[in-house]
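Requesting a structural model of the entry that follows:
(chains A and B)
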Number of protein chains: 2
Amino acid sequence: MPAIESKVDVLIIGAGPAGLMCAHGLAKAGVDVRIIDKRPSKVAAGQADGIQPRTIEVLQSYGLAERLLKEGNQMHMAAFYNPAADGSGIERSDRLPDVTAPTARYPFEVTLHQGAIENIFRDAMRALGKGQAPSGACPREFEKRSDTNDQFSWPSRSIEVEQPVVPTSISLSTDAAELASRDSYPVTVHLKRLSETEAQRLARPVGGAPPNSNEVAADGNNVEVEEEREEIVRAKYVVGCDGAHSWTRSQMGWKMEGEHTDYVWGVVDTIPDTDFPDIRNRTAIHSDNGSCMIVPREGDLVRLYVQIAEIELGGTGRMDRGKMTPEKIMEVAKRSFQPFRLEFPKALDWWTIYIIGQRVASNFSAQERVFIAGDACHTHSPKAGQGMNASMNDTHNLIWKLTQVLRGWASPSLLKTYELERRKYAQDLIAFDRKFSALFSSKAQSAGNVDGVSHQQFVSVFQTFGSFTSGIGIHYAPSTIVETKHQSLASKLIIGQRLIPQVVIRTADARPFEIQDLIPSDIRYKVIVFAGNTKEVMQKARIQKLADELEKPERFYKKYTPAGAAVDTVFEILVVSSMTKTTGDYTDIPTTLRTHWSKVFMDDVGVAPRLGGGQLYESYGIGSEGCIAVVRPDGYIGTIVPLEGVDELDSWFGGIMACA
Amino acid sequence: MPAIESKVDVLIIGAGPAGLMCAHGLAKAGVDVRIIDKRPSKVAAGQADGIQPRTIEVLQSYGLAERLLKEGNQMHMAAFYNPAADGSGIERSDRLPDVTAPTARYPFEVTLHQGAIENIFRDAMRALGKGQAPSGACPREFEKRSDTNDQFSWPSRSIEVEQPVVPTSISLSTDAAELASRDSYPVTVHLKRLSETEAQRLARPVGGAPPNSNEVAADGNNVEVEEEREEIVRAKYVVGCDGAHSWTRSQMGWKMEGEHTDYVWGVVDTIPDTDFPDIRNRTAIHSDNGSCMIVPREGDLVRLYVQIAEIELGGTGRMDRGKMTPEKIMEVAKRSFQPFRLEFPKALDWWTIYIIGQRVASNFSAQERVFIAGDACHTHSPKAGQGMNASMNDTHNLIWKLTQVLRGWASPSLLKTYELERRKYAQDLIAFDRKFSALFSSKAQSAGNVDGVSHQQFVSVFQTFGSFTSGIGIHYAPSTIVETKHQSLASKLIIGQRLIPQVVIRTADARPFEIQDLIPSDIRYKVIVFAGNTKEVMQKARIQKLADELEKPERFYKKYTPAGAAVDTVFEILVVSSMTKTTGDYTDIPTTLRTHWSKVFMDDVGVAPRLGGGQLYESYGIGSEGCIAVVRPDGYIGTIVPLEGVDELDSWFGGIMACA
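Okay, here's the model as predicted:
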């Protein structure tokens, strides 16, 4: 039987968090996308499960945070235990905020098992295009756009993960013309759908670990498949999100750079019975009997990370899993809890052991046609809670770039910024992880071990890296899409970082909004006009001038909006004035800058002060003269210019947009 | 063909807001309930649409507020316009908060058309018992109860409105034994299911009004029906929620007491085109050309209430609808807006005219077996935004009482408190409405009319009645279920009023919770132990003593919890201490008072201060000695006693509970 042949704009390999984030984001934007996974069914327990504050913000921008917050556990407090001076065991040294980044919109971490997180994406993907999708961050009237020509609407598509499906080969055209063409499908991937038998064989537990321990995963490419289920897919783009043992990376011949450490850790997920008062806080225990990290989970579950000393590595440098049992992990945990009681009356939900390794892939992309993302690009210590977060943020960075290029809005060169931005981040992450892991794996300072890590040292690192571990600190370096020239106009709204959350008041009805909810991840650029006090004659004239400029056909606003498309198709203009709620009128703003009454805001305290508001200009460092900020579709500040800076905006967009 | 005979615990007649609230609440509690409506389909537009702050709190307690807030419009600001001194038309006198009740959890009103509100209930009712129901106000681990014996669990039931179905007769047994029995079905109702033909006939517009204008409704009892679709229902309880022209009330022979006024108003729902800057605020316009009230609605819709002068009443005292056209209403609105422009480019969504009447039914109940609720009990001016709110709060008051009696927990005498509490409220409402309507219908003060109502007078009434119009001020008088003796122990937490919203911090994990979310409408009493600082030896001893008392079999906690049922089946104990987040441990609380780690809280500022917390003891007026508050299942404070007051709790519960 001949293989089926098909075409697709984007093929995603691997349906973990990176792949699902990518598939959901692209499908929501109406992109022709498929996602495959070699596993017979979704992950049910264990694995990564910590969501950082910044990742919650990102999920909220896709309308997915609400369910995460409903299902997940929240970690607000971090507790620290160290050896008591009297040798009786551990005692509490401190309780400190778990999240120290001052601008975090969600000042806590969320823990939820990976299967539940993946279901949030899977359910949302399925509901897309059926009118049942999560309604997103904005109320309905705000989502309203100018009437849209069908030709320029990209309705969301409902998609499902295709599984169990394995890729068996991948090849990228070497023809320069084909690679350069917008209409070509230069990547060819052979796929095989596994039979039920194969799927079940793959689902069998490996070694003595529960079915979902994935540290020593079966290699998808060695699986036998039925010949007749083969498919040849020609894709414009392929994104390999296939994990630490990435098949895509290996096929492309890219290496992981870096090395394993000697730190070996065991993990158990369970519902313990204990009199330990901080069992529901993120707790770091340094005891004379070893180190332990507590990460409370949804419901009554608790994850315990325990440092393991006695383990032998096989000849390959890989762990010999057979030498370690969950009983040994639990025994170490019990010892480190003394004098507190710790029992394990219930079956373990999941367990694994791992050696901390810190590595980054040599390449993230080939010809901007084949990409890798997530664990395929970077592996590091799970305790820092970075893995899944870095993975989802990789593809969040890629979604809008791929979509804008596929729609013909952006030049394909925009895709070069993916590796530029995310590889730098992965390297920073690994550097941080080295420091943090070494510290955490070290012995605690005590009477018998004066050279050990002191509580102060540990807390100092914990807090210094607060903006890093929260994800809030992601800071993209200057590039074609990050221009820092006019940083002084908004001295605290850092160009290259995400838009800082602040409550603003809608001028027409005084309703408060979180400004982040006004910039959903909808592929459009948000042009935020910080208009100052438009009741002042001079400022009003400047704003009118800006409106007049934007109406000119040679300006970016008209030039890069496709002819015949609604005015807000590519660029959405929002106004944040410094008028006050008692006298400000939305009708004061020129109609060019308000395509709907719902898009004009002011920086004032809400009618009910506890709903917030009134600190935006100050906290962004914006003066009374105002400015314009371009927020990229992923929520990061691309550039800031004066109200008279339309020329500079023309030039900034000119560097990345395709001629209409 | 003989009529079908059937039995049901509760039959609800009428599926407007009062009936749907009742049906949803009972079905959620697992009660055997049916709801019928004579209309062929649900309401699509118009009618009542304002949800007060207190009603939002109530909906939240059933897990229904989230969708309301997502779909509805919010009114934060009220604007006031009066004649300009120069005679040029109206000008803005003021902008003031729309909601002035300081403790409102949701400091705004929500507007949404009645059909959408009804759909929230209908969808939630349908999803009950299928694991798809709204997850309610609490996170999952908090909802966890002690393991429940099947015998004592009442799983939610999925129900649908049966329509079009009309009742044709109702009779209540006069047999005292039957009326007194818990197992009897003393109410007999004959029902007829309408044919498609009849349903369509009923759906035809009446007069010249759009199909959904319900001011002059067809009388359901005059409808011809097919003989063979008859059913005889024997019910334990019947609740008539069948509107201002209530068939139930008429069958029971109860009268409406009060009268119509001379104030005639017209209403239009539309998307206007205007340069009026307060079109998205609740705006009261007093002009020389008439009065107008603007109520912005979901999306871009706006409701305009306009005072109409020239209308003739027919011989019956009812309006002659044919004399009034929507064009006349729009013309008056336009005139009152001058000098602002007001156009009506789109078709009207809905319109009606009405005469303000203020009346209360002579009885709310017969033998505590047949009840009426909602508009069947009270009619008043829609502008005050009270109708639908009073209606839903009527049945909110009834749901837990019916359920507790049906489960055998409460004495049937508990049901007497329904009329006691809600009739008093209806009378207060009517008294307020008289004052407000007269004021609003009066001419504005101006140069030519010095005796008119001044802006100051109007604003003063608006603010004085703020707690009333917000619904926050509902204050049930002392009765068997409202005991005020120890008010001084919590001087600002008023017994008979609802539990005041406050953020508390969960002791085990420092996660902030709105205390109202800890007392969902789940039929159980919440016994909140304000424990003071349990790190103090004396206070800890008092709390231990309380725990010991509660374990005694003769105490209410054990006595009224069915033998074999989980300890928290009838009474849920919550602890709010005044420990601090850095040192407080949930393990300090005796296990009797913490059936789960998630039920121990403290009054402290959250780890992230902007998440709130730390003002509960002060704002409730509770001293360091603490106290115990019993919160009724509807969220109102039933009684407050000292920590040593278990005797008094025994006596309070003894007055209303049935012997186990």
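
Could you look up the SS state of the closest residue in space to A:Gly258 that isn't next to it in sequence?
Nearest non-adjacent residue to A:Gly258, counting by Cβ to Cβ, 6 or more residues apart in numbering or on different chains: A:Arg359, 3.4 Å away. Backbone N, C-alpha and C define where each C-beta goes, glycine included. Three-state assignment for A:Arg359 (DSSP: H, G, I helix; E, B strand; the rest coil): strand.

Now for the one residue in the stretch 351-500 of chain A that gets nearest to chain B, how many residues are close by?
Chain B sits closest to A:Ser470 of the stretch 351-500 of chain A, with a gap of 11.7 Å, by Cβ to the nearest Cβ. Here the number of neighbours of A:Ser470 (other Cβ atoms under 10 Å in any protein chain shown) works out to 27.

which residues does it contact?
Taking Cβ atoms under 8 Å, 6 or more residues apart in numbering or on different chains, we find A:Ser470 in contact with A:Gln52, A:Pro53, A:Arg54, A:Val99, A:Thr100, A:Ala101, A:Ala104, A:Glu109.

And for the residue lying closest to it once chain neighbours are set aside, the neighbour number?
Spatially, and ignoring its direct neighbours in sequence, A:Ser470 is nearest to A:Ala101 (4.0 Å; Cβ to Cβ, 6+ apart). Neighbours of A:Ala101 under the rule other Cβ under 10 Å: 19.

Please apply the same query to the one 3 residues further on.
A total of 24 residues lie near A:Ala104 under the criterion other Cβ under 10 Å.

Assess the claim that it and A:Pro97 are in contact.
No. Taking contacts as Cβ atoms under 8 Å, A:Ala104 lies outside contact range of A:Pro97: 10.0 Å.

Now A:Glu66: which helix or strand?
With elements taken from DSSP states H and E, the one containing A:Glu66 is helix A:65-71.

cool, A:Asp428 as well?
With DSSP H and E as the test, A:Asp428 turns up in helix A:416-441.

how about that helix: buried residues?
Under the neighbour-count criterion of 16 or more other Cβ atoms under 10 Å in any protein chain shown, helix A:416-441 has A:416-423, A:425-426, A:429-430, A:432-434, A:436-437, A:440-441 buried.

what's downstream of the helix or strand bottoming out on mean pLDDT in chain A, the next helix or strand?
Lowest by mean pLDDT, DSSP states H and E among the helices and strands of chain A is helix A:140-143, with a mean of 52. Using DSSP H and E, the helix or strand that follows helix A:140-143 towards the C-terminus is strand A:165-172.

Now that next one - C-alpha only, CSV.
The C-alpha coordinates for strand A:165-172 follow below in CSV (Å, rounded to 0.1, in the frame of the first residue of the first chain):
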residue,chain,number,x,y,z
VAL,A,165,2.6,8.4,16.0
VAL,A,166,6.4,8.3,15.5
PRO,A,167,8.5,10.1,13.0
THR,A,168,10.9,7.8,11.2
SER,A,169,12.8,10.3,9.0
ILE,A,170,13.2,14.0,8.5
SER,A,171,14.9,15.9,5.6
LEU,A,172,15.3,19.5,4.8
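
low-confidence ranges in the stretch 251-400 of chain A?
A:260-262, A:309-323, A:381-385 (pLDDT under 70).
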